[in-house]
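Q: no sequence for this one, just the structure:
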């Protein structure tokens with residue numbers, strides 16, 4: 001294990017991360033809103049820690065192995081969450097405990113969108129912008145962003161990229177060089193963010209709110225500048241714009257790259273995962289809209305608009321809300337929470353298990369049913385006219401089993417803190433799937449969760465963001481053996 005190289009990389013990434021506090025520091029100074037000292041302290045502490053870790057090994061130049069990649073990825077998300085919490089903890093307007101500040105920071109970076117903060121409408125813009133920036137950086141993955149910089153320092157980045165983007169993906173490398181791949185992903189991410197911001201402005205949203213909500217929309221995050229989330233805006237056009245960009249951001253960014261490169265949108269229709277994802281969203285939207293209308297929960301127009309928007313928001317694990325869906329007829333909030341297990345597509349900013357895994361599990365189940373009828377037949381499992389290797393199916397089932405095992409353990413741990421059954425269950429669903437809003441005591445915010453419960457949910461958010469194995473592999477004895 002190359003600890004010196006790991007510290008060097010974490011130091012570089014902390015130095016880069018410290019710059020994200022500068023826009024909020026500038027806003028605080030201009031507005032004299034009282035938050036400038038918190039951001040100045042956060043910036044100085046993060047920069048100093050980064051330089052301290054980087055200096056001793058600044059002249060080292062070695063490629064990382066796969067173990068180093070997993071360790072750096074896991075450590076960095078933890079360290080980043082801790083340093084990102086400093087401005088939130090020190091901000092006098094928030095009065096957060098250390099555990100609450102860490103919860104809010106990790107929630108932003110993992111694009112979960114769960115919050116312990118209320119009174120967003122009255123907070124200074126510097127704090128609002130910082131929360132949204134945390135989600136925007138977490139969406140693309142700060143590790144993938146840094147891959148474009150690390151080669152210039154003589155550090156191989158492919159292992160970091162693999163660790164950050166764990167899971168089945170047929171578009172792992174879009175270009176021959178990993179640096180070019182990271183730049184391509186960031187370019188698409190940036191263009192999508194700007195297009196979303198411009199569309200929000202055109203729909204009637206103020207420019208500052210448009211930029212902030214574009215950050216969290218494209219990141220599939222869900223943080224808002226208002227307590228009522230997007231329900232603050234009465235224009236249906238805002239909800240329609242948000243719905244479109246949530247779906248676009250939940251689709252594999254590799255497909256966006258290919259569509260732009262080939263100037264042909266047919267690449268989407270030829271992808272099985274995207275077709276499956278859109279089909280599930282469409283069917284769920286129809287069910288939700290019809291039941292809202294049938295139960296007279298909302299009138300016709302609201303049933304269509306809010307039913308469609310809320311389904312897309314929860315299914316893609318964004319977490320924006322316009323209605324308190326927890327008070328809808330019980331079948332609907334439970335259905336929406338179950339949809340969050342699917343989340344977005346592989347290679348997107350969405351959370352959950354990813355549509356690709358759910359699709360493979362479904363097709364494997366159908367294959368087993370056919371095998372029962374024809375026990376001597378050889379029935380290969382295919383995806384996009386290509387045979388899926390047995391080891392891929394095995395990995396998917398292993399992921400599903402470990403994911404659910406961790407889910408139950410975290411749920412039991414949360415129940416032990418005193419949270420009620422429904423609130424604990426929905427809180428674990430919302431954090432492990434990087435969704436945000438839950439049911440019961442966590443429907444609006446997580447302030448009611450105990451300090452220990454918040455730290456447990458921080459672990460759930462990190463496990464969900466890094467897709468479980470990246471963290472669990474560090475706990476295996478084999479990982480630490482030479």
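A: Right, received. Where do you want to start? None of these values were measured; they are calculated from a predicted model.
Q: CA only for contacts and neighbour counts going forward, please
A: Will do.
Q: Would you report the backbone torsion angles of residue 447?
A: Backbone geometry at residue 447, expressed as degrees, to the nearest 10, gives phi -60, psi -30.
Q: Can you mark which positions in stretch 114-130 are buried?
A: Within stretch 114-130, the residues that qualify as buried by neighbour count (16 or more other Cα atoms under 10 Å) are 114-117, 120, 123-130.
Q: For the residues you listed, give me a markdown table that also has distance to residue 358.
A: Listed next are those as a markdown table, based on distance: Cα to Cα, whole Å:
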| residue | distance to residue 358 |
| --- | --- |
| 114 | 24 |
| 115 | 28 |
| 116 | 31 |
| 117 | 34 |
| 120 | 36 |
| 123 | 40 |
| 124 | 42 |
| 125 | 40 |
| 126 | 40 |
| 127 | 38 |
| 128 | 35 |
| 129 | 35 |
| 130 | 34 |
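Q: Of those, which belong to strands?
A: Within the buried residues of stretch 114-130, no residue falls in strands by DSSP state E.
Q: from the residues you listed, which is closest to residue 243?
A: Among the buried residues of stretch 114-130, residue 114 lies closest to residue 243 (Cα to Cα), at 19.6 Å.
Q: Just to check, that closest one is in contact with residue 429?
A: No. At 11.5 Å, residue 114 does not count as touching residue 429 under the criterion of Cα atoms under 8 Å.
Q: joint contacts of those two?
A: Counting by Cα atoms under 8 Å, 6 or more residues apart in numbering, the contacts common to residue 114 and residue 429 are residue 435.
Q: Tell me the buried residues in stretch 436-453?
A: Buried residues in stretch 436-453, counting neighbours by 16+ other Cα under 10 Å, are found at 436-447, 449-451, 453.
Q: and if you look at stretch 410-418?
A: Neighbour-count burial for stretch 410-418 flags 410-411, 413-415, 417 (criterion: 16+ other Cα under 10 Å).
Q: Include distance to residue 18 and pLDDT when you put the buried residues of stretch 114-130 into a markdown table, please.
A: Shown next, in a markdown table, are those (distance: Cα to Cα, whole Å; pLDDT from 0 to 100):
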| residue | distance to residue 18 | pLDDT |
| --- | --- | --- |
| 114 | 23 | 94 |
| 115 | 22 | 95 |
| 116 | 23 | 95 |
| 117 | 23 | 94 |
| 120 | 24 | 93 |
| 123 | 22 | 94 |
| 124 | 20 | 94 |
| 125 | 19 | 95 |
| 126 | 15 | 95 |
| 127 | 15 | 96 |
| 128 | 17 | 96 |
| 129 | 15 | 96 |
| 130 | 12 | 96 |
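Q: Narrow these to those in helices?
A: Among the buried residues of stretch 114-130, the ones falling in helices (DSSP state H) are 125-130.
Q: and these as TSV, adding distance to residue 379?
A: Output for those, formatted as TSV (distance: Cα to Cα, whole Å):
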residue	distance to residue 379
125	58
126	58
127	56
128	54
129	53
130	52
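Q: hmm, which helix or strand of the chain has the shakiest average pLDDT?
A: Sorting the helices and strands of the chain by mean pLDDT, DSSP states H and E puts helix 158-164 at the bottom, at a mean of 48.
Q: Quick one: mean pLDDT over the next helix or strand after that one.
A: The C-terminal neighbour of helix 158-164 among helices and strands, as given by DSSP states H and E, is helix 178-202. Over the span of helix 178-202, the pLDDT mean works out to 88.
Q: Flag every buried residue along helix 178-202.
A: Within helix 178-202, the residues that qualify as buried are 178-179, 181-186, 189-190, 192-194, 196-201, counting by 16+ other Cα under 10 Å.
Q: Tell me the gap between that helix and the middle of its chain.
A: Centroid separation for helix 178-202 versus its chain: 16 Å, with Cα atoms, centre = their mean, to the nearest Å.
Q: Then stretch 193-203?
A: How far stretch 193-203 lies from its chain's middle: 21 Å, per Cα atoms, centre = their mean.
Q: Likewise for stretch 327-347?
A: Remark: stretch 327-347 is offset 15 Å from the chain centroid, using Cα atoms, centre = their mean.
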